[in-house]
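In: coords please:
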Amino acid sequence: MSYGLTGNIDSSVSSYLTGEIKYNDFISDNYASLKNPPNDQLRWEKTQTWNAGIDFSFLGYRVSGSFDYYHKRGSDLLCSTDVDPTNGVTSVVINNGVCLNHGFELQLNGHILEARNRDQFGINAYLNLSFNKNEIIYVNKAPSGGFDALMYGRLHKGYPISGLFSYDYAGLEVVDGMQYVMWRDHEGQKQNSSVTNDSFTVQDIVYSGTLDPKFVGTFTPEFTWKGFSLSGMFAYYGGHVMRVNTDDMTAEGSMNGYGFTTNIQAFPSSYLNYWRTGDASKYFGNGYASENIIGAADLYSKYGNNNVVPADYLKLRNIVLGYTFPEQLTRRIGINEARLRVQMTNVATWARNNAGKDPEAVNAFDGTNRNKAPRSYTFSLFLNF
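Out: Numbering: from 1, shown residues only. Predicted coordinates:
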């Protein structure tokens, strides 16, 4: 058993007033900008941890492993919050809230078929399972409004620290040629005002799930025979959610076409959906039609719960093939040990969502796509003289 108290700081902020010097190409001179407002009450995050564990082995170490249970209490949690803009800034980082974490981790090592010499066939397997649940139990400063409550990093009492919150999307409606983005309030009534307005309150937000996996597991089988070894690592992450396909919820353009767009760097193919479907209540209008959308602004409409999908996935992280040269061969040429190793990484991914998205290639909070990790190959030769 163990108990510990640790601290954590955010290196990007300070309790002191800080600024940074930049260079302006237009005036050919330096200028200063505010990087961090002063906050003399800013403190370290604190985490108190209780841990209890046991190590075990059976059948002459053919099966071994460990089991650990932990309970963590985090206080003075660092998060960003909005402030009165007349102070000169719109948000600051403060100590806000208390969080509880508890969970377990199980490690199992199995020598299923033991190879007593180089020529025998051997099978080993390694399994790791973990579960974590966290909950905010106290918040110093709650979100000021419904739209603020949707933002990343806001703390909500009774929910996970990485909880994902959305507005209840009620579809698109067309009235007199105008598109209305609809959402349901906490009483189930449809509304068409922007979620940035005061009419959208904290009571209207809905909890969509946590961005952090609750369950994590890895399984690594290994086979050996005549100096060869073959292994692969399977990794599973589950119990969490993400947003996807938020490009479908964006709209740009004007009577001048798309030439004056400023919000995105590249046009998504989803912009064609509006023109192809013939159903104005299905996809957001684009081009000149985008000026006739009433309701949630296109920059924020992606925060609807219609974009949230399960983020569970199983990934074959790597496959490793190795060969250890016979000792009688290496000693003849003055080498104590020689091994050849070939590894393939990011082999395959199986995702639970029906959008065909790799959760590791998506920004889980806003649903934007990231570059997918490419498959890579590594060749190595180990020599011990």
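In: where does V309 sit: helix, strand or coil?
Out: Of the three states, V309 takes strand under DSSP: H, G, I helix; E, B strand; the rest coil.
In: do I have it right that it meets H240?
Out: No - if you go by C-beta atoms under 8 Å, V309 and H240 don't touch, sitting 10.7 Å apart. Where C-beta positions appear, they are placed from N, C-alpha and C, glycine not excepted.
In: where are the low-confidence patches of the stretch 201-350 of the chain?
Out: Scanning the stretch 201-350 of the chain for pLDDT under 70 picks out the ranges 259-265, 296-299.
In: what ranges do the strands span in it?
Out: For the stretch 201-350 of the chain, applying DSSP state E, counting those that start in this stretch gives strands covering 205-210, 215-225, 228-238, 241-243, 293-294, 308-310, 313-324, 337-351.
In: got the buried residues for stretch 344-354?
Out: Residues of stretch 344-354 classed as buried by neighbour count (16 or more other C-beta atoms under 10 Å): 344-346, 349, 351, 353.
In: and those residues, which is closest to Y271?
Out: Checking the buried residues of stretch 344-354 against Y271 by C-beta to C-beta gives N353 as the nearest, at 22.4 Å.
In: and the closest one, what does it touch?
Out: 242, 244, 309-311, 359 (C-beta atoms under 8 Å, 6 or more residues apart in numbering).
In: repeat that for T218.
Out: 126-128, 233-236.
In: which one of these is nearest to F379?
Out: Here the nearest of the contacts of T218 to F379, counting by C-beta to C-beta, is M233; it sits at 18.4 Å.
In: and the contacts of N353, which two are furthest apart?
Out: V244 and P310 (10.2 Å).
In: between the two, who's got more neighbours?
Out: Per other C-beta atoms under 10 Å, whichever of V244 and P310 has more neighbours is V244, with 24 against 16.
In: contact partners for the spatially most central residue of the chain?
Out: In the chain, the residue lying closest to the centroid (C-alpha atoms, centre = their mean) is A364, at 5.2 Å. Going by C-beta under 8 Å, 6+ apart, A364 touches 164, 211, 240-243, 311.
In: dump the residues you listed into a markdown table; add distance to V181 as well.
Out: Formatted as a markdown table, those follow (distance: C-beta to C-beta, whole Å):
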| residue | distance to V181 |
| --- | --- |
| L164 | 20 |
| L211 | 24 |
| H240 | 27 |
| V241 | 22 |
| M242 | 22 |
| R243 | 16 |
| A311 | 25 |
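In: can I get these in TSV with neighbour count?
Out: Below are the contacts of A364 laid out as TSV (neighbours: other C-beta atoms under 10 Å):
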residue	neighbour count
L164	25
L211	18
H240	21
V241	22
M242	26
R243	27
A311	27
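In: quickly list what E222 is bridged to.
Out: The partner list for E222 in beta bridges (DSSP bridges) reads N124, S231.
In: so it makes contact with L230?
Out: Yes - contact criterion C-beta under 8 Å: E222 and L230 qualify, at 7.2 Å.
In: out of these two, which sits in the busier spot?
Out: Per other C-beta under 10 Å, whichever of E222 and L230 has more neighbours is E222, with 18 against 13.
In: spit out the contact partners of the more buried one.
Out: Contacts of E222 by C-beta under 8 Å, 6+ apart are 123-126, 229-231.
In: ranges for the helices of the stretch 51-200 of the chain?
Out: Assigned helices in the stretch 51-200 of the chain, in chain order: 146-150 (criterion: DSSP state H, counting those that start in this stretch).
In: return stretch 364-380 as PDB; C-alpha atoms alone will do.
Out: Output of stretch 364-380 as PDB, limited to C-alpha atoms (Å, rounded to 0.1, in the frame of the first residue of the first chain):
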ATOM      1  CA  ALA A 364     -12.400  14.300 -30.400                       C
ATOM      2  CA  PHE A 365     -13.800  17.600 -29.100                       C
ATOM      3  CA  ASP A 366     -14.600  19.500 -32.400                       C
ATOM      4  CA  GLY A 367     -14.600  16.600 -34.900                       C
ATOM      5  CA  THR A 368     -12.000  18.000 -37.200                       C
ATOM      6  CA  ASN A 369      -9.900  15.500 -39.100                       C
ATOM      7  CA  ARG A 370      -6.200  15.100 -38.300                       C
ATOM      8  CA  ASN A 371      -3.400  13.400 -40.300                       C
ATOM      9  CA  LYS A 372      -3.600   9.600 -39.900                       C
ATOM     10  CA  ALA A 373      -0.500   8.000 -38.500                       C
ATOM     11  CA  PRO A 374       1.100   6.200 -41.500                       C
ATOM     12  CA  ARG A 375       2.200   2.600 -41.400                       C
ATOM     13  CA  SER A 376       5.900   2.500 -40.800                       C
ATOM     14  CA  TYR A 377       8.700  -0.100 -41.000                       C
ATOM     15  CA  THR A 378      11.800  -0.500 -38.900                       C
ATOM     16  CA  PHE A 379      14.800  -2.700 -39.600                       C
ATOM     17  CA  SER A 380      17.500  -3.100 -37.000                       C
END
